[in-house]
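Can you look at this prediction? I've put the sequence above it.
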Amino acid sequence: MTEQDQFDSLMAIAKRPPIIMTHGKGARLVDQHGKEYLDFIQGWAVNTFGHSPEIVVDALTRQANSLINPSPAFYNGPALDLATKLSKNSCFDRVFFTNSGAEANEGAIKLARKWGCKYRGGAYEIVTMENSFHGRTLATMSASGKPQWKELFEPKVPGFLKVPLNDIDAVDAVVTEKTAAVMLEPIFGEAGVIPASECFLKELRKLTRERGVLLILDEVQTGMGRTGKLFAYEQSGVEPDIMTLGKGIGAGVPLAAVLAKEEVSCFDPGDQGGTYNGNPLMAAVGCAVLDALIEPQFLERVREHGDYLALRLEELARRHGLGTVQGRGLLLALDLKYEIAEAVVERARDWGLLLNAPRPTLLRFMPALNVSKKDIDEMIGILDGVLSVETFSR
Ligand SMILES: Cc1ncc(COP(=O)(O)O)c(C=O)c1O
């Protein structure tokens, strides 16, 4: 069997280079030929502490030796601990654990619809943003405003109204007695690291309160320290009614969560659940991750290294006549001004650097939260080399 035959045994759900990653440690990944890569994708902002960190390996090993799956019919210690820790460190009271960000958003949508049914005369519509990304289940694809998905998997789940980001009048115009919630990412990740303005978030909170609808923040990408605060909502001072987490909370293992205020937590037994939801193996990792993030100075270092990365990217942009750097903490993007991002990503990979291009003109940087200044310097050095030596048609 050839390598290609093996590749063909998987459904072709993504364009992938013929590389099989075999192992990784910290900021490094190694492929089947022993080639080493400096990883500034880290599973798409997932690997909070890099590849195979002791924190995760220890938590998994310890927990696997005592209890893996008692079934969701019973409480388990790690799920209780993690729910308690999350509530203590946020503005929320109740938690439902899931296995992916999309499933968490699906849960948030269901919770908002249940709340609308119970407390707002059957309201079920959810206002979401154009170009937003909330996942790949049918409801979360329907909630997303990704233009390429418009015609895909029709008919979509009804009840999602799209408005432009940062346009409070547009939100105001579509909120009716049928509206249950407004849902958005505080910083659009997949659309190219575009922050919702602080003013918009504040106006949105005011409008949703005045009109009696819920505010849902999708912090799957921005939560768990990524932007330099434990949760991005803290930066604007706007407390949502429901928040979803994913990616970084599991630091590489499948764990995500829906968090809600007490008055919104209206699921009844049987409304929501799942075989693996809140299993102790993943929850034990979540506990270890959260404990590490709230250690004194950890988030301060994320902010410091985020500023350093932004500074180095800005220098690089000036040197090569590129555009602006946007984002916050260790979720940053560099505007290349021309549609060369895919080519730059491929060339950088040849040079041993893994980067992501969420748009044809944009590079996104999502290193581990414990990335060192040395790794940042090395990444900038490789990218500088790629941009200086290689020619890209502009
Ligand atoms: C903001 C946001 N929401 C939801 C998701 C979906 O998460 P998952 O891929 O874990 O289902 C993502 C993934 O990129 C995301 O960035």
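That came in fine, so what should we check first?

what does the domain assignment say about the chain?
Annotated domains of the chain cover 3-52+296-389, 54-293 [automatic domain parsing].

The longest one - what's its average pLDDT?
Rounded to a whole number, the mean pLDDT of domain 54-293 is 97.

That domain close to the ligand?
Yes - judged by C-beta under 6 Å from any ligand atom, domain 54-293 comes into contact with the ligand through 100-102, 105, 133-135, 185, 189-190, 218, 220-221, 246. The way it works is simple: take the backbone N, C-alpha and C, and place the C-beta from them, glycine included.

one step back: so which of the domains of the chain is the most packed in?
Greatest average neighbour count among the domains of the chain goes to domain 54-293 (a mean of 20), per mean count of other C-beta atoms under 10 Å.

and that one, how far from the chain's centre?
Distance of domain 54-293 from the chain centroid (C-alpha atoms, centre = their mean, to the nearest Å) equals 10 Å.

Run through who's touching stretch 108-125.
Contact partners of stretch 108-125, identified using C-beta atoms under 8 Å, 6 or more residues apart in numbering, comprise 96, 126, 139-140, 143, 159-161, 176-181, 183, 212-214, 216, 218, 242, 244, 258, 260, 264-267, 271-272.

Strands - which of the residues you listed land there?
Mapping the contacts of stretch 108-125 onto strands (DSSP state E) picks out 96, 126, 160-161, 179-181, 183, 214, 216, 218, 242, 244, 258, 260.

just to revisit the earlier point, please dump the residues of domain 54-293 next to the ligand into CSV; it should also carry distance to residue 390 for every row.
As requested, the residues of domain 54-293 next to the ligand are arranged in CSV below (distance: C-beta to C-beta, whole Å):
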residue, distance to residue 390
100, 36
101, 34
102, 36
105, 39
133, 30
134, 36
135, 35
185, 33
189, 27
190, 26
218, 36
220, 34
221, 29
246, 35
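
Among these, which are located in helices?
With helices defined by DSSP state H, the entries of the residues of domain 54-293 next to the ligand inside them are 101, 102, 105.

now the residue in the stretch 101-250 of the chain that the ligand sits nearest to, nearest residue through space, not along the chain?
Per C-beta to the nearest ligand atom, residue 101 is where the stretch 101-250 of the chain lies closest to the ligand, at 2.4 Å. The shortest distance from residue 101 to any non-neighbouring residue, by C-beta to C-beta, 6 or more residues apart in numbering, is to residue 246 (3.0 Å).

ok, now which ones touch the one you found?
98, 100, 101, 104, 220, 221, 223, 255, 256, 257 are the contacts of residue 246 under C-beta under 8 Å, 6+ apart.

One more: residue 288?
Shown in contact with residue 288 (C-beta under 8 Å, 6+ apart): 55, 56, 58, 59.

Can I get these in TSV including distance to residue 70 and secondary structure?
What follows is the contacts of residue 288, written out as TSV (distance: C-beta to C-beta, whole Å; DSSP: H, G, I helix; E, B strand; the rest coil):
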residue	distance to residue 70	secondary structure
55	24	helix
56	21	helix
58	21	helix
59	17	helix
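
In CSV, list these along with distance to residue 206.
CSV is the format used below for the contacts of residue 288 (distance: C-beta to C-beta, whole Å):
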residue, distance to residue 206
55, 40
56, 40
58, 45
59, 41
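
Nearest to residue 13 among those?
Of all the contacts of residue 288, residue 56 has the smallest distance to residue 13: 25.6 Å, by C-beta to C-beta.

picking up where we left off before, of all the contacts of residue 288, which two lie farthest apart?
Comparing all pairs in the contacts of residue 288 by C-beta to C-beta, the longest separation belongs to 56 and 58, at 7.4 Å.

CA atoms only: put stretch 376-394 into CSV for me.
This file holds the C-alpha atoms of stretch 376-394, laid out as CSV (Å, rounded to 0.1, in the frame of the first residue of the first chain):
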residue,chain,number,x,y,z
ILE,A,376,9.2,34.3,18.3
ASP,A,377,12.6,35.6,17.1
GLU,A,378,13.2,32.3,15.2
MET,A,379,9.8,32.5,13.6
ILE,A,380,10.4,36.1,12.5
GLY,A,381,13.8,35.1,11.2
ILE,A,382,12.3,32.3,9.0
LEU,A,383,9.5,34.5,7.8
ASP,A,384,11.9,37.4,7.0
GLY,A,385,14.0,34.9,5.0
VAL,A,386,11.0,33.6,3.1
LEU,A,387,9.8,37.1,2.2
SER,A,388,13.3,38.2,1.2
VAL,A,389,14.5,35.3,-0.8
GLU,A,390,11.3,33.9,-2.4
THR,A,391,9.4,35.7,-5.0
PHE,A,392,5.7,36.0,-4.8
SER,A,393,3.6,37.4,-7.6
ARG,A,394,1.9,40.5,-6.3
